[in-house]
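In: 3D, please:
(one chain, ligands or ions: 1)
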Amino acid sequence: MLRFMILSSLVVCALGRSTKIIRPRLNGKIVGGDPANIHDYPYQLVLLREDLFECGASIISRNYAITAAHCTDGATADVLSVRAGSTYVDREGTIHQVTKIHQHPGFNMNILDDDISLLKVNPPFTFGKGVQPISLPDKNLNVKVGTNADASGWGTLTEGGELPEHLQHVVVQITDQEECSGAYGSITANMICAGSKGKDTCQGDSGGPLVEDGKLVGIVSFGYGCAEPGYPGVYTRVTALRDWIKKESGL
Ligand code: 4AZ
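Out: This is a model prediction of the structure:
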């Protein structure tokens, strides 16, 4: 059920149908979030692969969603769809077929650099109470260390634990880049780290949003386990890839 890659002791994963779980032995840590309603996270999407939960994603316009490249790698558009406007991972809301995947050409599976994909959808999203786009940041936005950001998704509540059916969210603090680099060793300018004691995103949250002050500043990418001390979650740095998003989608 869990699909994932081991990257020199880092673990990333998307949920899908293939496979078994191999991961370093870690303490099961609660991610420390709270249940959330789609009305408060109306940009949140479920990314489905052959109708099964794969990852999170976010609405950025009527026609486009954004997610992690490791969630779309190896897929064709016809097997992907998104569910919008539901608090629940497996029911309600509306389903939108992916018609085109724009996966970043620089996506590097080994270190997860450029972990970003844009998805064109059909039918387009109809905006309403539980369906709204999230604003993209200006490329010059300075995302400050120590500020709070809100991550959401249907990933596991504990390391290697159960998947919730109800949307969850967690507030985490933007981490110092050097410190994060020191922990992981392979943090690029296209990544941003965030975490707080006992709070983190976890398996299945991949591709989902990290929002600060109403702007999408991160996309859930990877981490060493979940809420492990000294290992914040790693997110795709949206400001760094802002020009590419504009070029691909016009947004
Ligand atoms: C995952 O496997 C995953 N703690 C997502 C986020 C983090 C770790 C793993 C960050 O989807």
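
In: Relative to M191, how far out is the residue in the stretch 151-251 of the chain that the ligand sits nearest to?
Out: For the stretch 151-251 of the chain, the nearest residue to the ligand under the criterion CB to the nearest ligand atom is G223, separated by 2.6 Å. For every residue, glycine as well, the C-beta is placed using N, CA and C. The spacing between G223 and M191, counted by CB to CB, to the nearest Å, is 11 Å.

In: Also V143?
Out: Plainly put, V143 is 12 Å away from M191 if you go by CB to CB.

In: ok so, going back, for the residue of the stretch 151-251 of the chain closest to the ligand, which residues make a bridge with it?
Out: V11 (DSSP bridges).

In: show me what contacts L136?
Out: Going by CB atoms under 8 Å, 6 or more residues apart in numbering, L136 touches 60, 215-216, 238, 242, 245, 251.

In: Which single one of those residues is nearest to V170?
Out: V170 has its nearest neighbour among these in L216, at 15.9 Å by CB to CB.

In: Among the contacts of L136, which lie within strands?
Out: Among the contacts of L136, DSSP state E puts 215-216 in strands.

In: In PyMOL, select just the buried ones from the contacts of L136.
Out: Buried members of the contacts of L136, defined by 16 or more other CB atoms under 10 Å, are picked up in PyMOL with:
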select buried, resi 60+215+216+238+242+245
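
In: and Q173, what is it in contact with?
Out: Counted by CB under 8 Å, 6+ apart, Q173 has contacts 145-149, 194-196.

In: Over to P209?
Out: Residues in contact with P209 (CB under 8 Å, 6+ apart) are 41, 43-44, 56, 58, 134, 151-152, 216, 218-220.

In: switch the cut-off to 7 Å
Out: 43-44, 58, 134, 151-152, 216, 219 (CB atoms under 7 Å, 6 or more residues apart in numbering).

In: of all the residues you listed, which comes closest to P232?
Out: A151 (11.3 Å).

In: Surely T175 touches I192?
Out: No - T175 sits out of contact with I192 when judged by CB atoms under 7 Å, with a separation of 8.1 Å.

In: more crowded one of these two?
Out: Set T175 next to I192 and count neighbours by other CB atoms under 10 Å: I192 wins out with 28 against 22.

In: what are the pairing partners of the helix or strand hosting the more buried one, and which direction each?
Out: In this structure, I192 sits in strand 191-195 according to DSSP states H and E. Using DSSP bridges, strand 191-195 pairs in its sheet with strand 168-174 (antiparallel), strand 233-237 (antiparallel).

In: In a markdown table, list those strands along with mean pLDDT.
Out: Listed next are those as a markdown table, based on pLDDT from 0 to 100:
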| stretch | mean pLDDT |
| --- | --- |
| strand 168-174 | 97 |
| strand 233-237 | 98 |
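
In: In TSV, list these along with distance to the ligand.
Out: Below are those laid out as TSV (distance: least, CB to the nearest ligand atom, whole Å):
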stretch	distance to the ligand
strand 168-174	10
strand 233-237	4
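
In: Quick check: residues of the stretch 51-200 of the chain near the ligand?
Out: D200 (CB under 6 Å from any ligand atom).

In: what about 8 Å?
Out: Residues of the stretch 51-200 of the chain lying near the ligand by CB under 8 Å from any ligand atom: 55, 155, 195, 200.

In: show me what contacts the residue nearest to the third one when sequence neighbours are not counted?
Out: Here the nearest residue to G195 in space, its sequence neighbours aside, is P232; by CB to CB, 6 or more residues apart in numbering that works out to 3.1 Å. By CB under 7 Å, 6+ apart, the contact list for P232 reads 175, 180, 193-195.
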